[in-house]
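Build me a model from this:
(one chain, ligands or ions: 1)
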Amino acid sequence: MIIDIISAVPELLISPFNHSILKRAKERGLLEVNVIDLRAFGIGSHKQIDDYAYGGGSGMVMMMEPLVNCLRSLQISRTYNEIIYLTPDGLTLNQKISNSLSLKNNLLLICGHYKGIDQRFRDQFVTMEISIGDYVLSGGELAAAVLVDSIGRLIPGVLNDETSALTDSFQDNLLAPPVYTRPEIFEGSKVPDILLSGHEAKIEDWRYEQSIERTKRLRPDIFKEE
Ligand code: ADE
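As a prediction, the model looks like this:
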């Protein structure tokens, strides 16, 4: 999968994809992430990318021309399955959206700044708008990093244990069960006996029950009675 990210502050995206699981995805050739500096497509000697909002009001708006020129230059080398604008008024990201995006070949993410991007770009080029939650960030970069992380780990072959993404929280609308590691007893606090029993089937049942109990208690809004 190739994910291109258009950003006015590319420095914000240097580190997030160079560690841990996403680093491995890149090393295995399963994921390529390119950050494109929008300023390179800016207008005039000041490389302008934003301007005042028509109709007045505070805050700048990202201009059509740099965005369109940047997009067209990228489209010379690839066709995008989705052109995604990160914005607080988009669809709230969830595991289902990440699952479906992880099966695509080429994605383009666009990070907004200031008051956002010219509405005409959204109308004419953007195919999907995603928010990472009901709060406002100062730009779309951190939201893009969250989106790439949640998609990247789902790409087939990225996780070593192929089943492990399937047991994540939110797959099947259930939270993950609690997990424990050594030592068996830490300052008097003990790992549940069932996990030390060696009974695989019983352990699976226990984990499932724990998932249900946790989901009912912590996220009744996503819990669905079978
Ligand atoms: N840009 C600013 N706030 C955002 C949010 N909550 N989600 C996605 N992009 C954003």
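
Kindly report the residues of this structure close to the ligand.
Leu86, Thr87, Pro88, Gly112, Ser131, Ile132, Gly133, Tyr135, Val136, Leu137, Gly140, Ala143 (CB under 6 Å from any ligand atom). The C-beta positions use only the backbone N, C-alpha and C, and glycine is treated the same way.

for the closest residue to the fifth one other than its chain neighbours, phi and psi?
So that's Ser131. Among residues not flanking Ser131 along the chain, Gly90 sits closest, at 4.2 Å (CB to CB, 6 or more residues apart in numbering). Gly90 adopts backbone torsions of phi -80, psi -180, taken as degrees, to the nearest 10.

now do Leu86
phi -90, psi 120.

Then Gly56?
Backbone torsions of Gly56, given as degrees, to the nearest 10, read phi 90, psi -170.

same check, this time on Val33
Here is the backbone geometry of Val33 (degrees, to the nearest 10): phi -120, psi 120.

ok, it - contacts?
Ile2, Ile3, Asp4, Ile5, Phe17, Leu22, Lys26, Val148, Gly152 (CB atoms under 8 Å, 6 or more residues apart in numbering).

Could you report the distance from the fifth one to Ser77?
As judged by CB to CB, to the nearest Å, Phe17 and Ser77 stand 20 Å apart.

that older thread, I'd like to know which of the contacts of Val33 are buried.
Taking 16 or more other CB atoms under 10 Å as the criterion, what is buried in the contacts of Val33 is Ile3, Asp4, Ile5, Phe17, Leu22, Lys26, Val148, Gly152.

Of those, which is the nearest to Arg182?
Closest approach to Arg182 among these (CB to CB): Leu22, at 27.8 Å.

That closest one: what's its closest spatial neighbour, skipping adjacent residues?
Per CB to CB, 6+ apart, closest to Leu22 is Gly152, 4.8 Å.

Likewise for Pro66?
Pro66 sits nearest to Phe41 (CB to CB, 6+ apart), 4.2 Å away.

give the contact list for the one you found.
Contacts for Phe41 (CB under 8 Å, 6+ apart) come out as Ile49, Glu65, Pro66, Leu67, Asn69, Cys70, Ser73.

just to revisit the earlier point, turn the contacts of Val33 into TSV, columns for pLDDT and distance to Ser164.
Shown next, in TSV, are the contacts of Val33 (pLDDT from 0 to 100; distance: CB to CB, whole Å):
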residue	pLDDT	distance to Ser164
Ile2	98	24
Ile3	98	22
Asp4	98	28
Ile5	98	26
Phe17	93	20
Leu22	92	15
Lys26	94	19
Val148	98	19
Gly152	96	14
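
follow-up on the earlier one: which one of the residues of the chain next to the ligand has the most neighbours?
Of all the residues of the chain next to the ligand, Gly140 has the most neighbours under the rule other CB atoms under 10 Å, reaching 31 neighbours.

Quick check, it in contact with Ile110.
Yes. Proximity of Gly140 to Ile110 meets the contact threshold set by CB atoms under 8 Å, at 7.0 Å.

Give me the common contacts of those two.
Here Gly140 and Ile110 have Tyr85, Leu86 as joint contacts, going by CB under 8 Å, 6+ apart.

Any idea how many residues pack against Phe20?
Actually, residue 20 is Ser rather than Phe. As a measure of burial, Ser20 has 11 neighbours, counting by other CB under 10 Å.

so how far is the ligand from it?
Plainly put, Ser20 is 22 Å away from the ligand if you go by CB to the nearest ligand atom, to the nearest Å.
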